[in-house]
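Starting from these lines, generate the structure:
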Amino acid sequence: MSQQLSSMNTTSETVVNRHKYFSLFASDQRDFLLSPTGAQIKISDLEDKTVGVYFSANWYPQCQTFTKLLIQVYDQIQAKKDSKFEIIFVSSDEDLNAFNNFYQSYMPWLAIPFSDLETKKALNKRYDVEGIPCLVILQPHDDASVLHDGVELIYRYGVDVYPFTNERLDELLRQEKEKHERQTLVNLLTNHDRDFVLAHSASKEVVSVSSLMGKTIGLYFSAQWCLPSHKFTPKLISIYQKIKQNITQQEFNGDFEIIYVSTDHNELEFKSSFSVMPWLALPFGDPTSKNLTKYFDIRGIPSLIIIGPDGKTVTNNGRSLINLYEEEAYPFTEARVELLEKQMDENAKNLPSVELHSGHRHELSLVSQGNGGGPFICCDCDEQGSGWAYQCLDCGYEVHTKCVRPVD
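Numbering: from 1, shown residues only. Sure thing, here's the model as predicted:
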C-alpha cells in the first residue's frame with residue numbers, strides 16, 4: 001500500500017512539474033523551445049531540471065559582457081556529473097537578425113522563439129523584469145523558490161553557486177563571511193609562487209607584500225582598454241601624490257600605497273598602463289588578479305578597494321570617495337567619511353538653491369540624499385557622486401556641485 005502511495009505521489013509531482021514549465025514557456029501553437037541549431041526541444045524535457053530564465057539583448061554592452069561569463073559557467077555546470085540545469089533565452093533584441101546573430105552565434109542553451117511576443121511579454125511581466133541582463137532561477141519542485149538575482153549570484157560565485165538552492169546559498173554566505181574574517185593583506189595578495197608586487201624603482205623592481213603590512217592600501221582595478229579608466233587614472237595619480245606629500249609633511253598619519261590589479265588583454269597593454277602609474281602592481285596574468293576580482297565582486301572598472309592597516313576591507317567605494325573628497329578622503333574610514341559628509345552639509349548651506357549650468361539648457365535645483373537626490377553619475381564628468389548635487393527636475397540631468405559652471 002505504501003509503495004502504491006509513493007508511486008502516486010511521484011506521478012503527481014511529475015505531472016505538476018511538467019505543467020509548471022509547460023504553462024510558463026509554451027503557447028497555444030507551440031510545445032517546444034529552440035536550440036542554437038534550430039532544432040525543436042520539447043518543453044517536457046525540462047522535467048526535474050533547474051531552469052535559468054535569461055532576459056537579455058545583443059544591443060546592450062552589459063548583456064554581451066555577462067553572456068560571455070554565463071556561457072563559461074553554463075559549460076562548467078553541464079560538465080558536472082548528473083547535472084540537471086538549463087537556461088532559456090528570452091530575447092529583447094530589435095529584430096530577428098539581431099536575435100539570430102546573438103543567440104545562434106554565441107549561446108549554447110535554449111530559447112523562446114523570437115516571434116513569440118506574447119510568451120516573452122508574459123515572462124517579463126511575471127518576473128517583474130525592470131532591466132537587463134536578468135537571470136531568474138526556477139527550481140523544479142519548489143514553486144516558492146524563485147531567485148531573481150541570478151546575474152549577481154553568477155558574478156559573485158560563478159559555478160560554485162550551482163544548484164542555486166537556499167542551502168547552497170547559505171553555505172556560500174557562511175564561507176564568504178569566514179574568508180573575510182580571516183582576511184589579511186598577505187593572503188589577499190600572495191600565492192604559493194609569489195610573495196611580492198612589482199615596483200617602478202630602478203634599484204628595487206619588486207616589493208615584498210609583508211613590507212606593506214600596516215599601511216592603508218588601495219587595490220586599483222583598471223585596464224588600458226577601459227575609457228573611464230583613461231579619465232580616472234590621471235585624477236587618481238594626482239590625489240595619490242597629494243596624499244603621499246601630506247603624509248611626508250606629517251599632515252596625514254600612517255602610510256598609503258596603491259596596487260594596480262590589471263584586467264588588460266595582454267602584457268603590452270599592461271606595460272602601457274603601468275608605465276604611467278607611480279604605484280605598485282600585481283604581475284600581469286597572475287591568478288591573484290582574477291581571484292581578487294571575484295572576491296570583491298568587481299562588476300565594472302575602474303574600481304578602487306581600500307584595505308586598512310589591519311588588512312581588513314575599509315570600503316569598496318574608493319573611486320566614489322576620491323571623486324567626492326579628493327585627497328581629503330584619506331584614510332577612507334567610516335569616521336572620516338562621516339566627518340566629510342557633515343562638512344559637505346555645512347558647505348551646502350552657502351550654495352544657491354538653483355543654478356543655470358552652461359552644460360545644460362534647464363535650470364538645476366540643489367538636492368540632497370534626503371530630498372530627491374541619491375547616488376548618481378555626474379553628467380558633466382561622468383564620475384560617481386552621492387549626497388549633494390544639482391539636478392534638473394525636468395529631465396533628471398545631474399552634476400556634482402563642484403562641476404557646475406554658472407551662466408553669468
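
mind listing the helices in the stretch 251-400 of the chain by residue range?
267-275, 287-295, 318-325, 334-348 (DSSP state H, counting those that start in this stretch).

want to throw these into TSV with distance to Arg156, mean pLDDT and mean neighbour count?
Any C-beta I mention is one placed from the backbone N, CA and C, and that applies to glycine too. TSV is the format used below for the helices of the stretch 251-400 of the chain (distance: least, CB to CB, whole Å; pLDDT from 0 to 100; neighbours: other CB atoms under 10 Å):
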stretch	distance to Arg156	mean pLDDT	mean neighbour count
helix 267-275	26	93	15
helix 287-295	8	91	16
helix 318-325	19	90	22
helix 334-348	23	88	13
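
Distance check, the spatially most central residue of the chain against Leu135.
With distances taken as CA atoms, centre = their mean, Arg299 lies nearest the centre of the chain, 2.4 Å away. Arg299 sits at a distance of 14 Å from Leu135 (criterion: CB to CB, to the nearest Å).

start to end distance for stretch 50-61?
As for stretch 50-61, its first-to-last residue distance stands at 27 Å under the measure CA to CA, to the nearest Å.

Can you point out the buried residues in that stretch?
Neighbour counts over stretch 50-61 (16 or more other CB atoms under 10 Å) mark 50-58 as buried.

Can you give me the first-to-last residue distance of stretch 198-211?
Counting by CA to CA, the length from the leading to the trailing residue of stretch 198-211 is 13 Å.

Give me the buried positions along that stretch.
Within stretch 198-211, the residues scored as buried using 16+ other CB under 10 Å are 198, 207, 209.

again with stretch 96-115
Burial within stretch 96-115, assessed by neighbour count using 16+ other CB under 10 Å, is assigned to 98-100, 102-103, 107, 109-114.

chain center to it: distance?
Mean C-alpha position of stretch 96-115 versus that of the full chain (CA atoms, centre = their mean, to the nearest Å) differs by 25 Å.

Stretch 139-156 too?
From the chain centre to the centre of stretch 139-156 is a distance of 17 Å (CA atoms, centre = their mean).

okay, the buried residues of stretch 96-115 in a markdown table with distance to Glu269, pLDDT and secondary structure next?
Compiled in a markdown table, these are given as follows (distance: CB to CB, whole Å; pLDDT from 0 to 100; DSSP: H, G, I helix; E, B strand; the rest coil):
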| residue | distance to Glu269 | pLDDT | secondary structure |
| --- | --- | --- | --- |
| Ala98 | 30 | 90 | helix |
| Phe99 | 33 | 91 | helix |
| Asn100 | 33 | 88 | helix |
| Phe102 | 27 | 88 | helix |
| Tyr103 | 31 | 89 | helix |
| Met107 | 28 | 93 | coil |
| Trp109 | 32 | 95 | coil |
| Leu110 | 37 | 95 | strand |
| Ala111 | 35 | 94 | strand |
| Ile112 | 39 | 94 | coil |
| Pro113 | 41 | 93 | coil |
| Phe114 | 37 | 92 | coil |
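
Closest one of those residues to Glu383?
Closest approach to Glu383 among these (CB to CB): Phe102, at 31.1 Å.

if I look at the closest one, how far off is Leu96?
Note on Phe102: its distance to Leu96, by CB to CB, is 11 Å.

can you check Asn347 too?
Taking CB to CB as the measure, Asn347 falls 55 Å from Leu96.

Check Thr37 too.
Counting by CB to CB, the gap between Thr37 and Leu96 amounts to 17 Å.

same check, this time on Val146
Relative to Leu96, Val146 is positioned 30 Å away (criterion: CB to CB).

quick revisit: in JSON lines: the helices of the stretch 251-400 of the chain, plus distance to Gln249.
Rendered in JSON lines, the data for these read as follows (distance: least, CB to CB, whole Å):
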{"stretch": "helix 267-275", "distance to Gln249": "27"}
{"stretch": "helix 287-295", "distance to Gln249": "32"}
{"stretch": "helix 318-325", "distance to Gln249": "19"}
{"stretch": "helix 334-348", "distance to Gln249": "18"}
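
Could you point out which of these sits nearest Thr184?
Of all the helices of the stretch 251-400 of the chain, the one in closest proximity to Thr184, counting by CB to CB, is helix 287-295 (13.0 Å).

Touching the closest one from outside, list them.
Here helix 287-295 makes contact (CB atoms under 8 Å, 6 or more residues apart in numbering) with 156, 158, 179, 188-191, 194, 219, 221, 261-263, 282, 298.

how about 10 Å then?
Applying CB atoms under 10 Å, 6 or more residues apart in numbering, the contact partners of helix 287-295 are 155-158, 160, 176, 179-180, 183, 188-191, 193-194, 197, 219, 221, 259-264, 281-283, 286, 298-299, 301, 303, 305, 313.

returning to that earlier point: minimum distance to Phe164: which of the helices of the stretch 251-400 of the chain has it?
Using CB to CB as the measure, helix 287-295 is the one of those that comes nearest Phe164, at 17.6 Å.

Output that closest one as PDB, nothing but the C-alphas.
As requested, C-alpha coordinates have been extracted for helix 287-295 and formatted as PDB (Å, rounded to 0.1, in the frame of the first residue of the first chain):
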ATOM      1  CA  PRO A 287      45.900  34.300 -10.900                       C
ATOM      2  CA  THR A 288      45.500  36.500  -7.900                       C
ATOM      3  CA  SER A 289      44.100  39.300 -10.100                       C
ATOM      4  CA  LYS A 290      41.100  37.100 -11.100                       C
ATOM      5  CA  ASN A 291      40.700  35.900  -7.500                       C
ATOM      6  CA  LEU A 292      40.500  39.500  -6.300                       C
ATOM      7  CA  THR A 293      38.100  40.500  -9.000                       C
ATOM      8  CA  LYS A 294      35.800  37.600  -7.900                       C
ATOM      9  CA  TYR A 295      36.400  38.100  -4.100                       C
END
